[in-house]
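# Sequence and computational prediction follow.
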Amino acid sequence: MDFQEKYNSYLNSVEQSVGAFCDRLNCKPEILNESLKYTLKLGGKRFRPVLMYAVGELLGVDLKKLENFALAIELIHTYSLIHDDLPALDNDDFRRGKPSSHKVFGEANAILAGDGLLNTAYSILLRECKKGGEYICASEQICDCAGVYGMIAGQSADLKYENERNYNEKALNFIHLNKTSKMIVAPCVVPSILCGGKYYPELKAFGENLGLLFQFTDDILDVEGQFDLLGKSIGKDENDGKFTSVNLYGLDNCKLRADLLAEKCSAILEGIEGDRQFLSKLVRFVRDRNK
Ligand code: GRG
């Protein structure tokens, strides 16, 4: 199977879980039901759950065991996008190629949709905890990555530095490692936790660097990307005076740093035994992505 076929096979599993989740949703009032499903059903790359399945396969974990963790991570990720698009944060009218949640349902309902997805993810993770100790540790890891020592801390620092206009490398690294990398570390380490911590340090380091690479390419695409492929507004970072890797290092330097991060990810992967081919290509996919 080539890279794209393999990606699609993981993607199919994710879409099945997301589809089944949406079909089961039966919240009242109807607007809550619709707003919960809206951004989820718009798709996106499903990068984090795909990554989790790929790491799981490398480690020999039964992929069935990962299904609910992968779904919970996609719900948390989608909540973060809905909230990130709100006028109080990034104020973006488009997400995944369509009007963002607050443009369709209004701000108050978009806040509730994000809250609802986050809460539902925690319910899913709590149910996983009943399966045993390693499931508790895996769930805890996801919550920590999404929480106040993870993604929320990164978002808070992003706001702080944007307001203070005090741009520096240490701050940028903190923001990227928390806002972006933590939700990429989580899918890398969950499969490891489920098989007794196999290659945990390597997979944590892999996730951190892949997350940094992901954010660098996100910043590059905000300058060079195309709306049709990316599905969100282009040039917003520059217009809003955002603190990004491109405005700290400049576009060309940023690309060189992205290349180095991709090399670092590949070097870490080499320390893990097994069929690493898909993950090596996934690193390239992140470096070269246009969406
Ligand atoms: C709690 C009010 C409140 C807000 C939280 C945490 C947060 C808002 C926002 C941070 C989320 C964020 C936008 C992080 C950056 C990571 C990133 C580059 C996301 C884009 O992810 P893709 O490209 O999107 O994987 P798709 O659509 O493909 O899933």
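That came in fine, so what should we check first?
# what comes up buried for the longest helix seen in the chain?
Longest helix of the chain, by residue count under DSSP state H: helix 200-224. Residues of helix 200-224 classed as buried by neighbour count (16 or more other Cβ atoms under 10 Å): 202-222. The C-beta positions use only the backbone N, C-alpha and C, and glycine is treated the same way.
# For the ligand, tell me which of these show up nearby.
Counting by Cβ under 6 Å from any ligand atom, 215, 218 from the buried residues of helix 200-224 sit close to the ligand.
# Which strands and helices lie in contact with the longest helix of the chain?
Using 3 or more Cβ pairs under 8 Å, 6 or more residues apart in numbering; DSSP states H and E, the elements in contact with helix 200-224 are helix 47-59, helix 182-194, helix 236-239, helix 245-249, helix 251-269, helix 277-288.
# Next, the residue of the chain found nearest the ligand: secondary structure please.
Sorted by distance to the ligand under Cβ to the nearest ligand atom, the residues of the chain start with residue 44, at 2.9 Å. Secondary structure state of residue 44, per DSSP: H, G, I helix; E, B strand; the rest coil, is coil.
# hang on, it packs against residue 96?
Yes. Between residue 44 and residue 96 there is a contact under Cβ atoms under 8 Å: 5.1 Å.
# So for these two, which residues contact both of them?
Common neighbours of residue 44 and residue 96, using Cβ atoms under 8 Å, 6 or more residues apart in numbering, are 81, 231.
# re earlier: follow the chain on from the longest helix of the chain and name the next helix or strand.
helix 227-230 (DSSP states H and E).
# List the buried residues for that next one?
residue 230.
# just stretch 152-169 next, same as before
153, 154, 155, 157, 158, 161, 162.
# Equivalent analysis for stretch 53-69, please.
By neighbour count on 16+ other Cβ under 10 Å, the buried set for stretch 53-69 is 53-59, 61, 65-69.
# Can I get the worst-scoring helix or strand of the chain on mean pLDDT as PDB, trimmed to CA atoms?
Each helix and strand of the chain was given a mean pLDDT (mean pLDDT, DSSP states H and E); the minimum falls on helix 236-239 at a mean of 80. Extracted as PDB, the C-alpha positions of helix 236-239 are listed here (Å, rounded to 0.1, in the frame of the first residue of the first chain):
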ATOM      1  CA  LYS A 236      -4.500  36.600   8.900                       C
ATOM      2  CA  ASP A 237      -1.400  36.300  11.000                       C
ATOM      3  CA  GLU A 238       0.300  39.100   9.300                       C
ATOM      4  CA  ASN A 239      -2.800  41.300   9.300                       C
END
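# got the residues of the stretch 51-200 of the chain near the ligand?
80, 81, 83, 84, 89, 96, 151, 152, 155, 179, 180.
# do that again at 5 Å, thanks
80, 83, 84, 96, 151, 155, 179, 180 (Cβ under 5 Å from any ligand atom).
# just those residues now: which is nearest residue 193?
residue 151 (18.8 Å; Cβ to Cβ).
# In contact with that closest one: list those residues for me.
Contacts of residue 151 by Cβ under 8 Å, 6+ apart are 80, 145, 178, 179, 182, 183.
# Specify which member of the residues you listed is nearest to residue 227.
residue 80 (21.0 Å).
# if I've got this straight, that closest one is in a helix?
Yes. Counting by three-state DSSP, residue 80 is found in a helix.
# Give me the neighbour count for it.
Using other Cβ atoms under 10 Å, residue 80 has 20 other residues around it.
# My read is that it contacts residue 183, right?
Yes. Contact criterion Cβ under 8 Å: residue 80 and residue 183 qualify, at 7.4 Å.
# of the residues of the stretch 51-200 of the chain next to the ligand, the lowest pLDDT goes to which?
Lowest pLDDT within these is found at residue 96 (93).
# give me every residue that touches that residue.
Contacts of residue 96 (Cβ under 8 Å, 6+ apart): 39, 42, 43, 44, 81, 231, 232.
# quick one, phi psi at it?
phi 50, psi 40 (degrees, to the nearest 10).
# Now do it against residue 168, distance only.
32 Å (Cβ to Cβ, to the nearest Å).
# again with residue 213
20 Å.
# From residue 163, how far out is residue 184?
26 Å.
# right, I mislabeled it, should have said residue 273
47 Å.
# what's the answer for residue 193, then?
Taking Cβ to Cβ, one finds residue 193 at 37 Å from residue 163.
# again, but for residue 114
Distance of residue 114 to residue 163, computed by Cβ to Cβ: 22 Å.
# which of the residues in stretch 122-135 are buried?
Buried residues in stretch 122-135 (16+ other Cβ under 10 Å): 122, 124, 125, 128, 134, 135.
# Then stretch 1-19?
For stretch 1-19, using 16+ other Cβ under 10 Å, the buried residues are 6, 7, 10, 11, 13, 14, 17, 18.
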